[in-house]
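# Predicted model and sequence below, questions to follow.
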Amino acid sequence: AENSNRKVYVYSSYETNGFINKMHNLGYDSLYDGLTIHPYSGTPSGGSSSEASKLTFYNDAINRANNKINDVKNYVNNMRQYDNTKVPVISEFGVFRSTDPLVRAQAHALYIARSIMGYVEAGSPYIQKHCLIDWYSAGADALGPTQQAVIQAVAQENADTKTGTGDFEFFSTPSANIFEVYNTAFDGTKVLETSVANAPVNNLNTATLYAMTAKDDLNNLYVALVNYAGQDVEVKIAANGYNTASANVMAYTTASDTFDAENTLEDPDNVVMKYESGNLSANSTYTLKPYSFTVLKVYISDVLGNKASDYIEELRKIDTSGYTTHTVQSFNNSLDHVETVLNTPGITAQTIDELYLSLRDVREMLEPVALTKALENVMKEAQAALEDADLYTEESVSELESVLEYAQDVVENKASTAQDTVDEVRISLQNALK
């Protein structure tokens, strides 16, 4: 608040357990909220010189993602032995420092998807990838290897990468799809404890399947899945308290035939996000594509139907006497429509979910009856002015009479008039009085 005295404590330290322990030994646990961490991978072994070397890079990147997740969790465990509210803040992460083209490819995208899962599970409220945009090149600049940027800026003939002047064209790397999938599809508000049983492994005996789950306020399930393997993988979705057999799902996926697949200026949509609706099998299974990141939204129809019906009943109890007549009519018509569709035989859980979400918009339809007191006061001034019409030109009197007549109509019909209209008429009347 303004003019209030506040204390802000700022500390500088490398991300070390020594900082955590020292703060505790000094009795300062309550003076910080968590630890800012940059869990960069370091440079993976191998590279794009041969197919075997590419595979070495890819597998090493998988291990490095897991190792960095464990590093973050170790910091969290150390902080929380003193204070269970401490959090890790991931202000920068990614495959760094490597200038290999695989950093622009699906290999890095899957590294990012897996890393975000781990950092969420570690309790991080803030996760930021380094970096958003950099020049397209085979080397590095002050920001580091240019390949790790989510969006690549391609310099044209007259462009200068040192000054940033001239023309540039842009394309998104496969890594951008990971953020699109998470932001578009993973709407769960409560992260659930997740485990993967019988996960497949690669030739280094490292797991190639990872998962994270959450639920929303309607108890819909959100299942994020990384498939590092180069073949389809069938997964079975099992959640305590849920019947997921043949459940309606919306699947959001970014996948490629190879882990070295890239986007380019000439082919910017080589690797993209796709989505489709469908169902889990009768055994609650779903098949993941090779080298893919997928988020499944699993609709739970019985819960959804009851919640939607309860919400309609709650909305019908609203006292609409203080709202404009035309918005009340639209409100009631919308509730009738939703209720009719909701009772349609064979309705899918996905449709029920969409109907429930639409009810939130229905509530916003209602507009309060306009407040006209300020307008009525200006109308009194206008009427008084007309009594001294000799002080005004014939043209201005005519304009004032016209606006005043419209204002009277607005006041008489305020039950069906928006507040914005009332305010606009008041301003017009004030201008006519000048």
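Perfect, thanks for sending it.
# give the contact list for the closest residue to Q156 other than its chain neighbours.
Of all residues not flanking Q156 in the chain, D167 sits nearest, at 4.1 Å (Cβ to Cβ, 6 or more residues apart in numbering). Heads up, the C-betas are built off the backbone N, CA and C, glycines and all. For D167, the contacting residues are 155-159, by Cβ atoms under 8 Å, 6 or more residues apart in numbering.
# What's the PyMOL line that selects buried ones from those?
Buried subset of those, written as a PyMOL selection, criterion 16 or more other Cβ atoms under 10 Å:
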select buried, resi 155+159
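# Just name the closest of the contacts of D167 to N177, please.
Distance ranking of the contacts of D167 against N177, using Cβ to Cβ, places A155 first at 24.0 Å.
# Now that closest one. Its backbone dihedrals?
Note on A155: backbone dihedrals following degrees, to the nearest 10 are phi -70, psi 130.
# My read is that it contacts G164, right?
No: using Cβ atoms under 8 Å, A155 is not in contact with G164; the gap is 9.7 Å.
# what pLDDT does the residue nearest the centre of the chain get?
The chain has N183 as the residue nearest its centroid, 3.4 Å off, counting by Cα atoms, centre = their mean. On pLDDT, N183 comes in at 95.
# helices or strands up against the helix or strand hosting it?
Per DSSP states H and E, N183 falls inside helix 174-185. Judged by 3 or more Cβ pairs under 8 Å, 6 or more residues apart in numbering; DSSP states H and E, the packing partners of helix 174-185 are helix 106-121, strand 248-255, strand 273-279, strand 292-298.
# buried sites along that helix?
Buried residues in helix 174-185, counted by 16+ other Cβ under 10 Å: 174-179, 181-182, 185.
# Could you check how far P88 is from S50?
Noted for P88: a distance of 37 Å to S50, by Cβ to Cβ, to the nearest Å.
# T194 too?
Noted for T194: a distance of 37 Å to S50, by Cβ to Cβ.
# Who has more neighbours out of those two?
T194 (15 against 10; other Cβ atoms under 10 Å).
# Disregarding residues adjacent in the polypeptide, which is nearest to the more buried one?
Excluding the flanking residues, the one nearest T194 by Cβ to Cβ, 6+ apart is T213, at 4.7 Å.
# For the one you found, the count of nearby residues, please.
Applying other Cβ under 10 Å, we find 21 residues neighbouring T213.
# Helix or strand next in line after the lowest-mean-pLDDT helix or strand in the chain, which one?
When the helices and strands of the chain are scored by mean pLDDT, DSSP states H and E, helix 301-316 comes last with a mean of 78. Per DSSP H and E, helix 301-316 leads on to helix 325-342 as the next helix or strand towards the C-terminus.
# tell me which strands and helices the next helix or strand after that following helix is in contact with?
As assigned by DSSP H and E, the chain's next helix or strand after helix 325-342 is helix 349-363. Counting contacts by 3+ Cβ pairs under 8 Å, 6+ apart, helix 349-363 packs against strand 248-255, helix 301-316, helix 325-342.
# Give me the mean pLDDT for the first one.
Strand 248-255 shows a mean pLDDT of 95.
# Paired strands for that strand, with orientation please.
The strands beside strand 248-255 in its sheet (DSSP bridges) come out as strand 273-279 (antiparallel), strand 292-298 (antiparallel).
# Show me what counts as buried in that strand.
So, applying 16+ other Cβ under 10 Å, buried residues of strand 248-255: 248-255.
# how big is the angle separating that strand from helix 174-185?
Angle, strand 248-255 to helix 174-185, by axes from the mean of the first three to the mean of the last three Cα atoms, to 10 degrees: 170 degrees.
# what does the last one give?
Helix 325-342 and helix 174-185 meet at an angle of 100 degrees, taking the same axes, to 10 degrees as the criterion.
# Now do helix 325-342: everything it contacts.
So helix 325-342 is contacted by 305, 308-309, 312, 315-316, 320, 323, 347, 351-352, 355, 358-359, 362, 365-367, 415-416 (Cβ under 8 Å, 6+ apart).
# Now the buried members of these.
For the contacts of helix 325-342, a neighbour count by 16+ other Cβ under 10 Å gives the buried set as 305, 308-309, 312, 315, 323, 351-352, 355, 359, 362, 365-367, 416.
# between the residues you listed, which is nearest E399?
Nearest member of the buried ones among the contacts of helix 325-342 to E399, counting by Cβ to Cβ, is S416, at 25.7 Å.
# If we ignore the residues flanking it in sequence, what's nearest that closest one?
Spatially, and ignoring its direct neighbours in sequence, S416 is nearest to T325 (4.6 Å; Cβ to Cβ, 6+ apart).
# And the one you found, how close does it get to K414?
Using Cβ to Cβ, we find T325 at a distance of 10 Å from K414.
# quick one, which of the two is more surrounded?
Looking at T325 and K414 with other Cβ under 10 Å, you find the greater number of neighbours at K414, namely 17 against 13.
# Surely the more buried one touches T372?
Yes: K414 is within contact range of T372, at 5.2 Å (criterion: Cβ under 8 Å).
# Common neighbours of these two, please.
Common neighbours of K414 and T372, counting by Cβ under 8 Å, 6+ apart, are V422.
# For L31, give me its contacts.
By Cβ under 8 Å, 6+ apart, the residues touching L31 are 9, 23.
# Could you report the separation of it from G123?
Separation of L31 from G123 (Cβ to Cβ): 20 Å.
# Next, the buried residues of stretch 15-26.
Using 16+ other Cβ under 10 Å as the burial criterion, the residues of stretch 15-26 that qualify are 15, 19-20, 23.
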